[in-house]
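In: coords please:
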Amino acid sequence: MATTPPLDPYVCKPKVYLVGRQHVADEEVARFLADEGMVFSTDAPAPAEALAEIAGRTCYMSFGKGRKSNREYLENILSSKHGSVLEHAVWCVLITGVSRALTHELVRHRAGFGYSQLSQRYVDESDARYVVPPLYQQNSELQEKWRHTIDLVRKAYEELAEATSQYVQQTHPDMTPRDRRKWARQAARSILPNATETKIFVTGNSRAWRHFLELRGSVHADTEIRLLAVEVFRVFKKESPNIFQDIELVDEPDGMPSVRVVHSKV
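Out: Down below sits the predicted model:
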């Protein structure tokens, strides 16, 4: 019987999965246009882009008028900084291979985002993976010292969690096994380092995602979250080329790409 090979306990790169996207209720859009006596069609490659265009055209009832292509329409939205229109375009992504240190920064982005993150109270972190800081990926000697420290912490967590579980069982014999495990893990997690790998489900509108890319893809951002911003950009540039048409990757002297936004603060 084939077995799944164990995962490498050390992670060097984040992964971004696009797990949710919108769709257009064509029948309802057609009913609206018929009621208003208008004709409209769009060549938007992504439903979210179509919805952003419909929202923008509603502001001026400009259906069937002016700019013909979705790309042209959204370019005008970006250059005029009519960013509220972009709040109607929403995507869900699942992010793995990032550290707790990174998500402490990520969840500061509140407006336009929703988060659901791996719980260290319920999940046993004895087999947790750890994210190698980009700086230590450049130096094998430093990385070896870092890994040695992580191994010590991993063992300490296992021993502390087991001892804590036994203590809780002795002092609260009527507690359910589920609650006993939660009590033990929520106490033992206090010694886990910021490098502990986590998984986080993020839902955000395109205006919020653009703001994230601009701030966290900068050369001035923390290197780990900058790497994440680059991966997020690649996903969204492919998914929505029109909304993200003014954003590109730039090679920097430090050897890492950065994210550059032409129309800042849309």
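In: Could you verify that residue 197 is part of a strand?
Out: Yes: assessed with DSSP: H, G, I helix; E, B strand; the rest coil, residue 197 lies in a strand.
In: From residue 98, how far off is the nearest residue to it once chain neighbours are set aside?
Out: For residue 197, ignoring the flanking residues on the chain, the nearest one in space by CB to CB, 6 or more residues apart in numbering is residue 129 at 4.0 Å. For glycine as for every other residue, the C-beta is placed from the backbone atoms N, C-alpha and C. Relative to residue 98, residue 129 is positioned 11 Å away (CB to CB, to the nearest Å).
In: residues contacting the residue nearest to residue 197?
Out: When contacts are counted by CB atoms under 8 Å, 6 or more residues apart in numbering, residue 129 touches 7-11, 97, 196-197.
In: let's see it at 6 Å
Out: By CB atoms under 6 Å, 6 or more residues apart in numbering, the residues touching residue 129 are 9, 11, 197.
In: Do a quick rundown of the strands in the stretch 101-250 of the chain.
Out: When secondary structure is read from DSSP state E, counting those that start in this stretch, the stretch 101-250 of the chain shows strands at 113-117, 130-131, 197-205, 247-251.
In: in this structure, what spans have low per-residue confidence?
Out: For the chain, the stretches with pLDDT under 70 are 1-5.
In: any idea how the chain splits into domains?
Out: For the chain, automatic domain parsing gives the domain ranges 21-87, 90-118+197-261, 136-191.
In: closest to residue 124 out of those?
Out: domain 136-191 (6.6 Å; CB to CB).
In: Number of residues surrounding residue 171?
Out: When counting by other CB atoms under 10 Å, one arrives at 9 neighbours for residue 171.
In: same question but for residue 105, I mixed them up
Out: Residue 105, neighbours per other CB under 10 Å, totals 17.
In: which residues touch it?
Out: If you count contacts by CB under 6 Å, 6+ apart, then residue 105 has residue 225 around it.
In: Offset the numbering so it begins at 532, please.
Out: Sure, I'll start numbering at 532, so the last one becomes residue 636.
In: Nearest residue to residue 677 in space, ignoring adjacent ones along the chain?
Out: Nearest one to residue 677, counting by CB to CB, 6+ apart, is residue 667 at 5.0 Å.
In: dump the residue contacts of that neighbour.
Out: 673-674, 677.
In: so how far is residue 676 from it?
Out: 8 Å.
In: out of the domains of the chain, nearest to residue 656?
Out: In terms of CB to CB, the element of the domains of the chain nearest to residue 656 is domain 667-722, at 6.3 Å.
In: Same list (the strands of the stretch 632-781 of the chain) but as a markdown table, adding mean neighbour count and distance to residue 587.
Out: Listed next are the strands of the stretch 632-781 of the chain as a markdown table, based on neighbours: other CB atoms under 10 Å; distance: least, CB to CB, whole Å:
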| stretch | mean neighbour count | distance to residue 587 |
| --- | --- | --- |
| strand 644-648 | 14 | 22 |
| strand 661-662 | 23 | 40 |
| strand 728-736 | 20 | 14 |
| strand 778-782 | 14 | 19 |
